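Student: predicted coordinates and the sequence they were generated for:
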Amino acid sequence: MCAKKYADGNVCSGDVLSHSTFNSYVRAEYRLVVIVGLDNVVVVETNNAVLVAAKDQVQDVKKLLRH
């Protein structure tokens with residue numbers, strides 16, 4: 001799946017619709033992902049999970065997975 005970078009700073013891959021969203025990374029593998037009014041977030045949708053995180057805190061996902 002190839003990601004495309006847009007003028008608003010978003011990088012999107014898969015079936016993604018965005019509005020008033022900036023500097024974000026969004027990957028949709030199985031379903032449509034719609035994002036509205038966000039800035040500096042990471043959204044990843046897979047067949048068994050959805051991650052939504054601030055870009056500057058995405059590394060903290062490791063802490064959650066340790067439990």
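Tutor: Nice, thanks for sending it over. These numbers come from a predicted model, not from an experiment.

Student: can we go C-alpha only for contacts and neighbour counts from here?
Tutor: OK.

Student: would you agree Lys55 is in contact with Asn40?
Tutor: Yes - at 5.4 Å, Lys55 counts as touching Asn40 under the criterion of CA atoms under 8 Å.

Student: mutual contacts of the two, please.
Tutor: Ser24 (CA atoms under 8 Å, 6 or more residues apart in numbering).

Student: ok, which stretches of this structure are helices?
Tutor: All helices of the chain, identified by DSSP state H, fall at 61-65.

Student: and the strands in it?
Tutor: Ranges of strands within the chain are 4-5, 11-13, 16-19, 25-28, 33-36, 41-45, 50-54, based on DSSP state E.

Student: contact partners for the residue lying closest to Gly14 once chain neighbours are set aside?
Tutor: Leaving aside its chain neighbours, Gly14 sits nearest to Ala28 (4.7 Å; criterion: CA to CA, 6 or more residues apart in numbering). For Ala28, the contacting residues are 13-16, 44-46, by CA under 8 Å, 6+ apart.

Student: report the beta-bridge partners for Ala28.
Tutor: When assigned by DSSP bridges, Ala28 has beta-bridge partners Glu45.

Student: residues near the closest residue to Phe22 other than its chain neighbours, how many?
Tutor: Using CA to CA, 6+ apart and skipping residues adjacent in sequence, the residue nearest Phe22 is Asp39, 4.8 Å away. For Asp39, the count of nearby residues is 17 (other CA atoms under 10 Å).

Student: please report how far Asp39 lies from Val16.
Tutor: 15 Å (CA to CA, to the nearest Å).

Student: what do you get for Lys55?
Tutor: 18 Å.
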